[in-house]
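Colleague: 3D model of this:
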Amino acid sequence: MKLDARLSLFITLVATFMTCLVVGDLIGGKLTSFHLFGREWVFSVGQIAFPVTFILTDILNEFYGRKVVRRVTFLAFAMVGLSFLIIYAAGALRWWPVAAQPDWRGVTPSQFESVFTQATEIQLASMAAFLIANLVDIQVFFLFKRITRNRFLWLRATGSTAVSQLIDTIVISALVWRTKLSFGEYVTVVFTSYFIKVSIAILVTPIIYALHELIEKKYGIPPAPAEVASADITGGTSGDAKRD
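Modeller: Numbering: from 1, shown residues only. Okay, the predicted model is just below:
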């Protein structure tokens with residue numbers, strides 16, 4: 001199989017998507033905050049990585065079709081699960097006795113458990129929230145694309161993120177923080193996280209347009225028509241695409 005521009009781009013987009021997803025899950029247990037408008041806004045540092053997944057979900061949907069990005073979503077879900085299993089297996093292995101000594105300068109058992117194995121609940125919650133939200137995002141994006149007849153990229157990109165990330169934020173915050181935060185703190189985390197996600201979705205709209213232009217002009221890859229559910233990823237003709 002020839003590694004042409006379309007396939008090379010697809011591999012790059014999927015690899016970047018999965019890297020950001022896994023890293024976002026691993027760092028998502030840390031909360032940070034900032035002060036604005038006289039109040040403190042609390043959010044997960046996973047927000048550093050997740051905006052990239054929003055962009056790439058829309059780009060994959062735009063150029064390769066919703067069935068392709070749906071497969072990528074299930075594959076990403078499986079890869080996060082695989083990451084969890086590897087971390088769990090690593091945590092189950094016995095430690096080298098030297099690592100428990102007071103003068104040990106490497107990673108200690110307590111440090112490893114705090115960062116990795118104690119994040120089990122976050123990993124599982126993130127997997128569930130991601131799968132639900134991304135499937136919703138794909139469908140809403142396609143719906144807007146069909147209604148607008150391939151116009152108003154900003155509407156389907158921002159609109160799909162606004163709907164899907166509301167679901168994602170509510171689900172993951174409920175699963176992760178339900179026993180750790182008061183209801184008021186939970187509402188603050190949800191509101192702040194969602195506000196940040198929607199704000200980022202709006203701010204990255206120029207990036208989506210720039211990527212759209214780059215892919216069309218430099219790689220010569222046209223967007224998949226709204227009626228095409230699964231475009232060819234290897235640079236075939238439109239006859240290779242699967243339509244509704």
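
Colleague: all strands of the chain, in order?
Modeller: Using DSSP state E, the strands found in the chain span residues 31-36, 39-44, 228-230, 242-243.

Colleague: Mean neighbour count added to these, as a markdown table?
Modeller: Any C-beta I mention is one placed from the backbone N, CA and C, and that applies to glycine too. Rendered in a markdown table, the data for the strands of the chain read as follows (neighbours: other C-beta atoms under 10 Å):
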| stretch | mean neighbour count |
| --- | --- |
| strand 31-36 | 11 |
| strand 39-44 | 17 |
| strand 228-230 | 18 |
| strand 242-243 | 12 |
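
Colleague: Quick check: the residue nearest in space to the middle of the chain vs residue 182, distance?
Modeller: The residue lying closest to the centre of the chain (C-alpha atoms, centre = their mean) is residue 53, at 3.8 Å. Separation of residue 53 from residue 182 (C-beta to C-beta, to the nearest Å): 30 Å.

Colleague: before we move on, back to that, quick one, which of the strands of the chain gets closest to residue 97.
Modeller: In terms of C-beta to C-beta, the element of the strands of the chain nearest to residue 97 is strand 31-36, at 34.5 Å.

Colleague: C-alpha coordinates for the closest one, CSV please?
Modeller: Below are the C-alpha coordinates for strand 31-36, written out as CSV (Å, rounded to 0.1, in the frame of the first residue of the first chain):
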residue,chain,number,x,y,z
LEU,A,31,-6.7,20.7,39.6
THR,A,32,-5.5,24.3,39.1
SER,A,33,-7.2,27.6,39.3
PHE,A,34,-7.0,31.3,38.3
HIS,A,35,-8.7,34.4,39.6
LEU,A,36,-10.8,36.5,37.3
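
Colleague: ok, residues contacting that strand?
Modeller: Residues outside strand 31-36 that contact it (C-beta atoms under 8 Å, 6 or more residues apart in numbering): 40, 41, 42, 43, 44, 45, 189.

Colleague: Pairing partners for that strand, with directions?
Modeller: Using DSSP bridges, the strands paired with strand 31-36 are strand 39-44 (antiparallel).

Colleague: starting at the chain centroid, how far to the strand it pairs with?
Modeller: Between the mean C-alpha point of strand 39-44 and the mean C-alpha point of its chain there is a distance of 21 Å (C-alpha atoms, centre = their mean, to the nearest Å).

Colleague: okay, residue 96: pLDDT?
Modeller: As summarised for this prediction, residue 96 has a pLDDT of 90.

Colleague: And it, how far from residue 171?
Modeller: From residue 96 over to residue 171 (counting by C-beta to C-beta), the distance is 39 Å.

Colleague: who has more neighbours, the two?
Modeller: More neighbours sit around residue 171 than around the other of residue 96 and residue 171, counting by other C-beta atoms under 10 Å; the figures are 18 against 11.

Colleague: In contact with that one, which residues?
Modeller: 125, 128, 129, 132, 133.

Colleague: Including pLDDT and distance to residue 146, could the residues you listed go into CSV?
Modeller: Putting these into CSV (pLDDT from 0 to 100; distance: C-beta to C-beta, whole Å) gives the following:
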residue, pLDDT, distance to residue 146
125, 76, 32
128, 83, 28
129, 83, 26
132, 88, 22
133, 87, 20
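
Colleague: now, which of these sits nearest residue 218?
Modeller: Proximity of the contacts of residue 171 to residue 218 (C-beta to C-beta) peaks at residue 133, which lies at 30.7 Å.

Colleague: I'd assumed residue 165 was in contact with the closest one.
Modeller: Yes - between residue 133 and residue 165 there is a contact under C-beta atoms under 8 Å: 6.4 Å.

Colleague: follow-up on the earlier one: mind checking the strands of the chain for the one nearest to residue 8?
Modeller: The closest of these to residue 8 is strand 228-230. By C-beta to C-beta, the value is 18.8 Å.
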